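Chemist: here are the coordinates; sequence isn't available:
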């Protein structure tokens, strides 16, 4: 492939990942505005996030499989169309029910983009330049992550919350045109057929798990309602594994997990994004609802996390070459976990400066760990199977985010006695969630360290 086409392919892949991560942080900072204007309950507020994450997590393996089988460029372009169209639907929503529905459809579009952005990149670049390309991809994605709060705050100050979804439209259209005109088609000649049975089982398992956790706001952990959904999630997940083990062409090749590096990378991704999703959710609400920050002030405060992320992530490839990818993951996850624990120290009267070390540690930690985890996972799998492998890795991230947000939200609600309206109650709930979230990131560091020693 020519250098020019490689650059355009990199731009298309980065556009998709930029838009997906922009949508994560730009929505988080808008949560209080959405809650007020659409009169959203605490439970439904969580669903404005998880309605997007659940389809993304549930269908991302389907997206990777479709791309490998029917053409990555073709399916990638379809992802841009769906994501862009349903972003406009979110912007036009007049109730929380409509918003949640369009967020779910938006997530389905993202499920086509997320795995294929990385697999298209892996196909386009030769091995000696692949780490560099993945580093740029992660940096641009991080820029979307970092720009989200500031851009969201500015848009809401001038317009209203719907503007955070309208901003996806020009990005999506530009990505679509670049993909159609510059990205070459690629596929796996040995790609599996679409596994509808497996997709149905894992989607149902994730829904039951997340729904059961989110609804602990209204139902006790030991209630028949909660136990029924959590039990159903376990049963469906077990059925999924058994089904995939017997299926001739499974959507989740279980042999991938016989490779220690791939398994540990996915588990690390799951734990780190479980911690991050809860952190973004609670810190956004804390600064606006407890500290009285405006949306723009909250967005600007996130620069103390996003700037370190952007400064560190471009050098992730060099760090990996120097220290080895596993050591970079260990260090990054450790720093991220310590940063989340700093947020557990916040109180109603805590000045913003005391939160800055937490922001910086989280930014540096994720900026180093995330590209390294991607490199470890993709390096363990053959290039021709990159679509499925990337889909699994992205699934681990999105499932971690969905389950993490639901679980940490449930913990916070239980500690806060079911009320986030009183600042003291909210802070006590947030503190419990951040202690658990920090522990999750530290566990990712420990598991990666242990795997490297064994």
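Modeler: In hand now; what should we look at? It should be emphasised that the depicted structure is a prediction, and the values quoted were computed from it without experimental measurement.

Chemist: Output the lowest mean pLDDT helix or strand found in this protein.
Modeler: The weakest-scoring helix or strand in the chain, judged by mean pLDDT, DSSP states H and E, is helix 316-323 (a mean of 75).

Chemist: just checking, what packs against the helix or strand following it?
Modeler: Counting by DSSP states H and E, the next helix or strand C-terminal to helix 316-323 is helix 325-343. With contacts taken as 3 or more C-beta pairs under 8 Å, 6 or more residues apart in numbering; DSSP states H and E, helix 325-343 sits against helix 260-285, helix 316-323, helix 356-379, helix 423-453. C-beta here means a position set from N, CA and C on the backbone, and glycine is covered the same way.

Chemist: if we go to 6 Å?
Modeler: If you count contacts as 3 or more C-beta pairs under 6 Å, 6 or more residues apart in numbering; DSSP states H and E, helix 325-343 packs onto helix 356-379, helix 423-453.

Chemist: confidence score at the closest residue in space to residue 205 that isn't next to it in sequence?
Modeler: Using C-beta to C-beta, 6 or more residues apart in numbering and skipping the chain neighbours, the partner closest in space to residue 205 is residue 236 (3.7 Å). Listed pLDDT for residue 236 reads 94.

Chemist: Equivalent analysis for residue 192, please.
Modeler: Looking at residue 192, its pLDDT reads 65.

Chemist: again, but for residue 327
Modeler: In this model, residue 327 is scored at 86, pLDDT.

Chemist: can you list the helices and strands packed on helix 325-343 in TSV and add mean neighbour count, mean pLDDT and distance to residue 300?
Modeler: Output for these, formatted as TSV (neighbours: other C-beta atoms under 10 Å; pLDDT from 0 to 100; distance: least, C-beta to C-beta, whole Å):
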stretch	mean neighbour count	mean pLDDT	distance to residue 300
helix 356-379	25	86	12
helix 423-453	20	88	21
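
Chemist: looking at the ones you listed, which is closest to residue 116?
Modeler: Closest of these to residue 116 is helix 356-379, at 13.3 Å (criterion: C-beta to C-beta).

Chemist: Remind me what the next helix or strand after the closest one packs against, helices and strands.
Modeler: Using DSSP H and E, the helix or strand that follows helix 356-379 towards the C-terminus is helix 386-415. For helix 386-415, the packing partners by 3+ C-beta pairs under 6 Å, 6+ apart come out as helix 42-70, helix 96-124, helix 196-214, helix 260-285, helix 423-453.

Chemist: returning to that earlier point: list the buried residues for the helix or strand encompassing the residue nearest to residue 205?
Modeler: Using DSSP H and E, residue 236 sits in helix 224-246. Residues 226, 229, 230, 232, 233, 236, 237, 239, 240, 241, 243, 244 are the ones in helix 224-246 that count as buried (16 or more other C-beta atoms under 10 Å).

Chemist: Equivalent analysis for stretch 158-177, please.
Modeler: For stretch 158-177, using 16+ other C-beta under 10 Å, the buried residues are 161, 162, 163, 164, 165, 167, 168, 171, 172, 174, 175, 176.

Chemist: ok, so of those residues, who is nearest residue 285?
Modeler: Among the buried residues of stretch 158-177, and counting by C-beta to C-beta, the member closest to residue 285 is residue 161, at 14.7 Å.

Chemist: The helix ranked longest in the chain to helix 260-285, inter-axis angle?
Modeler: Counting by DSSP state H, the longest helix found in the chain is helix 3-38. Interaxial angle of helix 3-38 relative to helix 260-285 (axes from the mean of the first three to the mean of the last three C-alpha atoms, to 10 degrees): 40 degrees.

Chemist: and the angle from helix 3-38 to helix 42-70?
Modeler: Between helix 3-38 and helix 42-70, the angle comes out at 160 degrees (the same axes, to 10 degrees).

Chemist: how much space is there between residue 300 and residue 396?
Modeler: Using C-beta to C-beta, to the nearest Å, residue 300 is found at 32 Å from residue 396.

Chemist: ok so, going back, list the helices and strands the least confident helix or strand of the chain packs on?
Modeler: Counting contacts by 3+ C-beta pairs under 6 Å, 6+ apart, helix 316-323 is packed against helix 127-158.

Chemist: and stretch 340-359, which residues are buried?
Modeler: Quick answer for stretch 340-359 (16+ other C-beta under 10 Å): 340, 341, 342, 343, 344, 346, 355, 358, 359.

Chemist: And for it, what's in contact with it?
Modeler: Under the criterion C-beta atoms under 6 Å, 6 or more residues apart in numbering, residues 275, 279, 304-305, 339, 423, 427, 431, 434-435, 437-438, 441 lie in contact with stretch 340-359.
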